[in-house]
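>>> My questions concern the predicted model and sequence given below.
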Amino acid sequence: MDRFGDHSTTRVRALLPPPRAMSFRTIGLTITVLALVACTATGVQVGHRGMGGRGGGYGQHGQRGGQAPGARGAASNVDAGEHRTLVVNGVTRDYYFHRPANASASLPLVIVYHGGGGDASKIAAQTGFNEVADRNGFAVVYPNAIDHWNDGRDSTAGFGDDTRFTSELINELATRDGIDRARVYATGASNGGMMTLRAACERANEIAAFAVVAASFPDTYMSRCKPARSVPIMIIHGTQDPLVPEQGATVQGGTRRLGGTITPLKDTLDFWRRTDRCQAAPSPQTLPDKSNDGTSVQVSDYQGCATNSKLVFVNVTGGGHTWPDERIATNPKAGRVTHDIDGTQYVWDFFKNYSLSGSR
């Protein structure tokens with residue numbers, strides 16, 4: 001299953017016994033189930049949409065819910081932002097937009113792509129981007145996919161024109177909210193990380209920098225990647241990722257079983273090294289081990305890259321299919337979460353150095 005996306009949701013009708021088998025006891029069970037359905041319909045969270053495990057639910061697609069950034073497993077609601085819609089190619093798409101209170105005009109914007117089968121509320125809760133945006137003075141937008149992002153795998157091709165959606169979203173927010181077009185950034189995890197790679201290939205003239213978490217190029221797409229310029233890009237990956245293994249393989253899990261083969265991570269890194277015209281891989285720097293969580297973090301900061309471009313590889317030794325220091329409780333099947341870095345703040349600290357008008 002996609003750690004950043006959807007996991008199987010039991011349908012209510014599957015819980016109900018056939019009419020001829022119903023007794024007073026099963027009638028009571030049925031009433032209880034229907035009461036839970038009613039709670040869900042009125043906005044009360046039941047169950048857990050997304051990766052199974054501890055903590056509260058994230059709600060259905062397009063609803064707000066989940067755990068508050070910084071709660072580390074405490075069950076509470078998270079407000080991803082103002083819910084809006086946008087028509088793209090005749091299809092109504094939706095997204096959540098957050099900006100700090102009393103913020104000035106012309107803010108930077110971070111686009112956050114959720115994982116496969118997930119939604120805006122889940123990735124907002126998982127990453128805590130709103131909290132970091134409030135501290136650092138930038139806006140965040142969480143677009144919702146149509147089931148999964150059209151990330152370049154053949155199996156996702158029917159899910160919508162998501163690169164066009166990205167462009168229309170930037171135009172909408174620049175016109176309506178005055179975001180700074182020169183300081184638009186994109187990040188995502190898993191299916192959302194692959195979508196970030198595709199955006200780097202196809203929207204490099206609209207997005208200033210990119211950060212990819214728990215993802216690598218689909219093998220059928222990398223040869224089609226023709227970015228308009230060299231780009232600043234950060235790639236964060238766990239060595240023990242069970243769903244997107246660093247050595248490359250068929251993508252594992254997912255309720256839709258979309259699969260697709262991904263390239264080895266070293267090939268994705270080498271693609272961007274050549275595209276950004278960087279020198280050979282540097283010796284990695286090991287960051288301080290701040291917590292006893294079974295992980296360590298090594299950062300390779302590539303040198304000599306083309307003007308206004310950069311390649312940084314953050315290798316999480318022992319890390320799984322997870323966002324560094326993610327804000328919600330972790331399902332052990334996804335692997336370990338590192339707490340040696342705050343992934344969200346780390347991504348923003350990378351982004352803020354770049355704009356389409358040049359390094360800052």
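Sure thing, it's come through.

>>> count of residues packed around Asp325?
Asp325: 21 surrounding residues under other C-beta atoms under 10 Å. C-betas here are computed from N, CA, C, even on glycine.

>>> Surely it forms part of a strand?
No. Assessed with DSSP: H, G, I helix; E, B strand; the rest coil, Asp325 is coil; it does not lie in a strand.

>>> quick one: contacts for it?
Val337, Thr338, His339, Ile341, Asp342, Gly343, Thr344 (C-beta atoms under 8 Å, 6 or more residues apart in numbering).

>>> Helices of the stretch 151-300 of the chain, start to end?
Taking DSSP state H, counting those that start in this stretch as the test, the helices found in the stretch 151-300 of the chain are 162-177, 191-202, 265-275.

>>> how far off helix 191-202 does the first one point, in degrees?
Calculated by axes from the mean of the first three to the mean of the last three C-alpha atoms, to 10 degrees, helix 162-177 forms an angle of 90 degrees with helix 191-202.

>>> And for the last one?
Angle between the axes of helix 265-275 and helix 191-202 is 20 degrees (criterion: the same axes, to 10 degrees).

>>> Just checking the distance from helix 265-275 to the centre of its chain.
Distance, stretch centre to chain centre, for helix 265-275: 21 Å (C-alpha atoms, centre = their mean, to the nearest Å).

>>> follow-up on the earlier one: just the helices of the stretch 151-300 of the chain: most buried one?
helix 191-202 (a mean of 27; mean count of other C-beta atoms under 10 Å).

>>> which of the contacts of Asp325 lies closest to Asp79?
Asp79 has its nearest neighbour among these in Thr344, at 16.6 Å by C-beta to C-beta.

>>> To which secondary structure element is that closest one assigned?
In this assignment (DSSP states H and E), Thr344 forms part of helix 343-351.

>>> What distance do you get for Tyr354 to Asp293?
Distance of Tyr354 to Asp293, given as C-beta to C-beta, to the nearest Å: 30 Å.

>>> before we move on, the earlier item: can you tell me which of the contacts of Asp325 is nearest Asn89?
Lowest distance from Asn89 to these (C-beta to C-beta) belongs to Thr344, with 31.4 Å.

>>> my guess is that closest one contacts Phe129, does it?
Yes. With contacts counted by C-beta atoms under 8 Å, Thr344 reaches Phe129, the gap being 5.6 Å.

>>> burial count for the nearest residue to Pro288 once chain neighbours are set aside?
Excluding its sequence neighbours, the residue lying closest to Pro288 (C-beta to C-beta, 6 or more residues apart in numbering) is Asp340, at 7.0 Å. Counted with other C-beta under 10 Å, residues neighbouring Asp340 total 19.

>>> before we move on, what about the one 5 residues further on?
Around Gln345 sit 17 other residues, with neighbours defined as other C-beta under 10 Å.

>>> got the contact list for it?
Neighbour list for Gln345: Val132, Asn136 [criterion: C-beta under 8 Å, 6+ apart].

>>> one step back: residues in contact with the residue nearest to Pro288?
Asp340 makes contacts with Leu287, Pro288, Asp289, Lys290, Ser291, Asp293, Thr295, Ser296, Val297, Pro324, as judged by C-beta under 8 Å, 6+ apart.

>>> Which pLDDT does the model give it?
Predicted confidence (pLDDT) for Asp340: 96.

>>> do Arg257 as well
Value for Arg257, per-residue pLDDT: 57.

>>> do Asp276 as well
97.

>>> Kindly report the same for Arg336.
Predicted confidence (pLDDT) for Arg336: 92.

>>> quick one on the thing from earlier: now the residue nearest to Pro288: how far from Asp325?
Separation of Asp340 from Asp325 (C-beta to C-beta) stands at 8 Å.

>>> Relative to Gly117, which of the contacts of Asp340 is nearest.
Pro324 (21.7 Å).

>>> give me the number of residues near the residue found closest to that closest one once you drop the neighbours it is linked to in the chain?
Nearest in space to Pro324, with sequence neighbours left out and distances taken as C-beta to C-beta, 6+ apart, is Gly343 at 3.2 Å. When neighbours are defined as other C-beta under 10 Å, Gly343 has 27 of them.

>>> I figured Gly343 was touching Val316, is that so?
No. If you go by C-beta under 8 Å, Gly343 and Val316 don't touch, sitting 9.3 Å apart.

>>> overlap in contacts of these two?
Joint contacts of Gly343 and Val316 (C-beta under 8 Å, 6+ apart) are Ile236, Pro324.

>>> which stretch of helix or strand covers the residue nearest to Pro288?
Using DSSP H and E, Asp340 falls within no helix or strand.

>>> bridging residues for the residue nearest to Ala200 when sequence neighbours are not counted?
Counting by C-beta to C-beta, 6+ apart, Ala200 lies nearest to Phe210, which is 4.5 Å off, once chain neighbours are set aside. Phe210 has these beta-bridge partners by DSSP bridges: Ala186, Ile233.

>>> More neighbours: Tyr354 and Asp293, which one.
Just comparing Tyr354 and Asp293: by other C-beta under 10 Å the higher neighbour count belongs to Tyr354, 22 against 15.

>>> and the helix or strand hosting Leu86, what's its mean pLDDT?
Assigned by DSSP H and E, Leu86 belongs to strand 82-88. Taken as a whole, strand 82-88 carries a mean pLDDT of 95.

>>> Over to stretch 199-213?
97.

>>> Repeat that for stretch 222-231.
Stretch 222-231 comes out at a mean pLDDT of 94.

>>> Make TSV out of the helices of the stretch 151-300 of the chain and add distance to His98.
Listed next are those as TSV, based on distance: least, C-beta to C-beta, whole Å:
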stretch	distance to His98
helix 162-177	11
helix 191-202	17
helix 265-275	29
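
>>> Right, I'll leave it there.
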